[in-house]
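> prediction below, plus the sequence it came from.
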Amino acid sequence: MRFFLSLLILAGSLTAYGAEKNVIFIITDDESPTLGCYGDPVAKTPAIDEIAADGTVFLNAFATTASCSASRSVVMSGLHNHLNGQYGHQHSYHKFASFLDVVSYSLPRVMANAGYRTGHIGKYHVAPEEVYHYEHYMKGEARNPVQMANASKEFITAESDKPFFLYYATSDPHRGGGKDETSERELKPDLFGNKPNDGSHKGVDEVFYDPAEVVIPHFLTDTPETREELAQYYQSISRVDQGVARLVEILKEADLYDKTMIVFTADHGMAFAGGKTTVYEGGLRVPFVVRNPYEPNRGVKHNGMISHVDIAPSLLDFGGGLDPKTNRPKDFVDPKEYWKGKPYAAKENRGPRGGIKSYHGKSWLPILGKPNAEHWETIFASHTFHEIQMYYPMRVVRDREYKLIWNIAHPLPYPFASDLWVASSFQAQYQQSLDAPYGQKTVGEYIHRPQFELFKIDEDPYESKNLASDPAHRDALVKMQEKLKEFQKEMKDPWIMKWEYE
């Protein structure tokens, strides 16, 4: 009788305390590393900073593309856009989508196959749903991260012997919500999702910032208009932080905090011209914080270069579902078998010729506690579309010493995302003249770009001096071009033909 009572008590304990190795993956919308844990002296982000102090902060984390849907398809597939098929926005007339055969690598699919309960809340922005399918979709106010956390509580604390994987995607700090009409300036700042007239989202203790105190990134110009917009942006990231705080509170109340890995990142850099939709550092550098409760070495500032293609294999590795020899799921689902009998997929262009052999990224799990461990020697990035009318393909190769940008459509003026074009921070300079300063460039230089941009990135982290035409760096230019060609060939990038035909 005592034996059976002990079993009942043990079973009750397991139910109450939940399964091991849960995952909460937090991805924000248009956020640069403007966090206290990255040394930002202004940002009030105590919850994220606390996770960072007990985890790993990657100082050199990069998106593969600074466009929303395109970036999220990489995050959810572990595959570069050239082989996952999603080059631009998913919604409305933009109509980009991933190849159907990505179903074999899709993050929610492989986590479910590894024994996880999968849940999604907030921004989705990829297609097709059949490929990126979650078992549970929760309704959340994507501009209210606290409400999103509360709406996730039932999923997080559900009685189950399965661990959970929660994909938590805010719409903050994306632009939106109108203009701040209280501004005395003719060009008024975007609200970045904040309530007008210093209002507050329900359950959020809004943090307001003084425009005079904000930090001006190197790719922006210090003007009153820029400062006003940055103050709104910072308010939005502080709201995200409160959502993170609530998630942590829910985990601790359920005794799950030390059984859950938390990953915090953004799809790409901040929504300012010079950040989002560019392949400059302001567009590609992202915050990346990981707290793995099973990693003994915490409080790490990591120097390794990591990429968004690493996310899917890393989370799957944490869940025990990654085959390290093939770098694909242990329980690999043959796409031919998956789509067999589904008539709507029979004649589709399901993926690249030759198929998809493995993840493009690799797991960073083994290096979390090793601050000087190398991960990638070279990072690749690209951009082709944001909105459908924004054709401007760019390809990037970057190592510790040099960074090369190939502006494939360089004879065209650089096309702006609609919300960045109307931004007061940009228009204040544009309306002066093409010679007006904008970050490290003039407005005219920002709009009209050369075919190649080569930067000695270890000495010039702000990308202020283009060395592509400098004879002293000719060997470096050729070396980086060859690296880029090899990458494009490996990725079956259609734009590789431009080397030969233009």
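Structure's in. What do you need?
> pull the residues that contact stretch 34-43.
33, 44-46, 48-49, 52-53, 57, 59, 209, 213-215, 233-234, 237-238, 270, 287, 289 (CB atoms under 8 Å, 6 or more residues apart in numbering). Where C-beta positions appear, they are placed from N, C-alpha and C, glycine not excepted.
> just the ones of those in strands?
Using DSSP state E, the members of the contacts of stretch 34-43 that fall in strands are 57, 59, 289.
> count of neighbours near the second one?
What that stands for is residue 59. Residue 59: 18 surrounding residues under other CB atoms under 10 Å.
> any stretches of the protein with poor pLDDT?
Filtered on pLDDT under 70, the chain yields the residue ranges 1-17.
> cutoff 90 now
Residue ranges of the chain with pLDDT under 90: 1-18, 88-96, 341-350, 352-354, 386-390, 500-502.
> just the strands from the stretch 401-502 of the chain, written as ranges.
Assigned by DSSP state E, counting those that start in this stretch, the stretch 401-502 of the chain shows strands spanning 403-407, 437-438, 441-442, 452-455.
> tell me what the last one is packed against?
Put plainly, it is strand 452-455. strand 403-407, helix 474-490 (3 or more CB pairs under 8 Å, 6 or more residues apart in numbering; DSSP states H and E).
> that strand: which residues count as buried?
Along strand 452-455, these residues count as buried under the neighbour rule (16 or more other CB atoms under 10 Å): 452, 453, 454, 455.
> so the first one touches residue 478, yeah?
Put plainly, it is residue 452. No: look at residue 452 against residue 478 with CB atoms under 8 Å: they stay out of range, at 10.8 Å.
> need phi/psi at the nearest residue to residue 157 once chain neighbours are set aside.
The shortest distance from residue 157 to any non-neighbouring residue, by CB to CB, 6 or more residues apart in numbering, is to residue 254 (4.6 Å). Residue 254 adopts backbone torsions of phi -90, psi 10, taken as degrees, to the nearest 10.
> how many neighbours does residue 254 have?
Residue 254: 17 neighbours (other CB under 10 Å).
> again, but for residue 145
Residue 145 is flanked by 32 other residues according to other CB under 10 Å.
> residue 497 versus that one, what's the distance?
Distance, residue 145 to residue 497, using CB to CB, to the nearest Å: 44 Å.
> where do the helices sit along the stretch 251-400 of the chain?
Counting by DSSP state H, counting those that start in this stretch, the stretch 251-400 of the chain has these helices, from start to end: 281-284, 311-318, 335-339.
> from the contact counts, what lies against the shortest one?
By that I understand helix 281-284. Using 3+ CB pairs under 8 Å, 6+ apart, helix 281-284 is in contact with no helix or strand.
> residues making contact with that helix?
Counting by CB under 8 Å, 6+ apart, 32, 62-66, 217-219, 268-270, 272, 274-277, 381, 396, 439, 461-463 sit against helix 281-284.
> which among those count as buried?
By neighbour count, with 16+ other CB under 10 Å, the contacts of helix 281-284 hold 32, 62-66, 217, 219, 268-270, 272, 274-277, 381, 396, 439, 463 as buried.
> please pick the buried ones from the contacts of stretch 34-43.
If we count by 16+ other CB under 10 Å, the contacts of stretch 34-43 have these buried: 33, 44-45, 48-49, 52, 57, 59, 209, 214, 233-234, 237-238, 270, 287, 289.
> mind checking which of those residues are in helices?
Under the assignment DSSP state H, those contribute 48, 49, 52, 233, 234, 237, 238 to helices.
> show me which pair in those residues is furthest apart.
52 and 233 (20.0 Å; CB to CB).
> quick one on the thing from earlier: turn the ones in strands among the contacts of stretch 34-43 into a markdown table, columns for distance to residue 114.
A markdown table is the format used below for the ones in strands among the contacts of stretch 34-43 (distance: CB to CB, whole Å):
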| residue | distance to residue 114 |
| --- | --- |
| 57 | 27 |
| 59 | 30 |
| 289 | 23 |
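> just give the nearest non-adjacent residue to the residue positioned nearest the centre of the chain, would you?
Centroid-nearest residue in the chain, with CA atoms, centre = their mean: residue 267, separated by 2.2 Å. Leaving aside its sequence neighbours, residue 267 sits nearest to residue 71 (CB to CB, 6+ apart; 4.3 Å).
> hmm, that neighbour is touching residue 269, no?
No: here residue 71 does not reach residue 269: they are 10.3 Å apart, not a contact under CB under 8 Å.
> shared neighbours, those two?
Counting by CB under 8 Å, 6+ apart, the common neighbours of residue 71 and residue 269 are residue 63.
> so for residue 211, what's the nearest residue that isn't a sequence neighbour?
That would be residue 227: by CB to CB, 6+ apart, it lies 3.8 Å from residue 211.
> what's the neighbour count on that neighbour?
Residue 227 has 20 neighbours, counted by other CB under 10 Å.
> what helix or strand does it sit in?
Using DSSP states H and E, residue 227 sits within helix 224-253.
> since that was my last question, I'll sign off now.
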